[in-house]
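# Pasting the sequence and the predicted model now:
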Amino acid sequence: MNDLAHTQRSCSEDINRRWLDRAFAERQFGPAVKAWEPRSLRVLVIEDDADTAESMARLVRLWGHDVRQATSARAGLDEALAYRPDFVLLDLGLPTMDGCSLARQLRLDPGLQGCFIVA
């Protein structure tokens, strides 16, 4: 009986000591930084086919991201400059300006340098 009480006490003392060590470290160094935390991205879908654009936008929304759509190159460029997306899903076969030209235009803006473009 005495051994059981001693074992239980030392187990709880170990747990308390770990909590105290953690609290002391947080007070001294601040809270521990998490390695990576997912966040919601701003995604722009530029696609001239309305059904395809809507399907892609719905899928990306289901993944928890904020989505906007544009159905032409000009509208896509204007939306990108105003919205500042983190990620652009870009159709290469747009009617007035091809996707490669639009991607080059997007890259010229300093505010979109870190934006990922998938074409």
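On my side now, so go ahead. Numbers count the residues shown, from 1 in each chain.

# Specify which residues of this structure, grouped into ranges, have pLDDT under the cut-off.
1-11, 31-37 (pLDDT under 70).

# ok, residue 89 touching residue 52?
No: when contacts are counted by CB atoms under 8 Å, residue 89 is not listed as touching residue 52 (9.9 Å). (Glycine included, C-beta is placed from N, CA and C.)

# Looking at the two, which is more packed in?
Shown here are residue 89 and residue 52; by other CB atoms under 10 Å, residue 89 has more neighbours (22 against 13).

# Assign the spatially closest residue to that one that is not a sequence neighbour to helix, strand or coil.
Nearest-residue entry for residue 89: residue 45, 4.8 Å, with adjacent residues in sequence omitted and distances by CB to CB, 6 or more residues apart in numbering. Secondary structure, DSSP: H, G, I helix; E, B strand; the rest coil: residue 45 is strand.

# hang on, residue 55 is in a helix, isn't it?
Yes: counting by three-state DSSP, residue 55 is part of a helix.

# mind checking how far it is from residue 103?
As judged by CB to CB, to the nearest Å, residue 55 and residue 103 stand 22 Å apart.

# Neighbour count for those two, which is higher?
Each of residue 55 and residue 103 has its neighbours counted (other CB under 10 Å); residue 103 has more, 17 against 13.

# doesn't residue 90 make contact with that one?
Yes: counting by CB under 8 Å, residue 90 is a contact partner of residue 103 at 6.3 Å.

# Are there residues contacting both of these two? Which ones?
Between them, residue 103 and residue 90 share these contacting residues under CB atoms under 8 Å, 6 or more residues apart in numbering: 117, 119.
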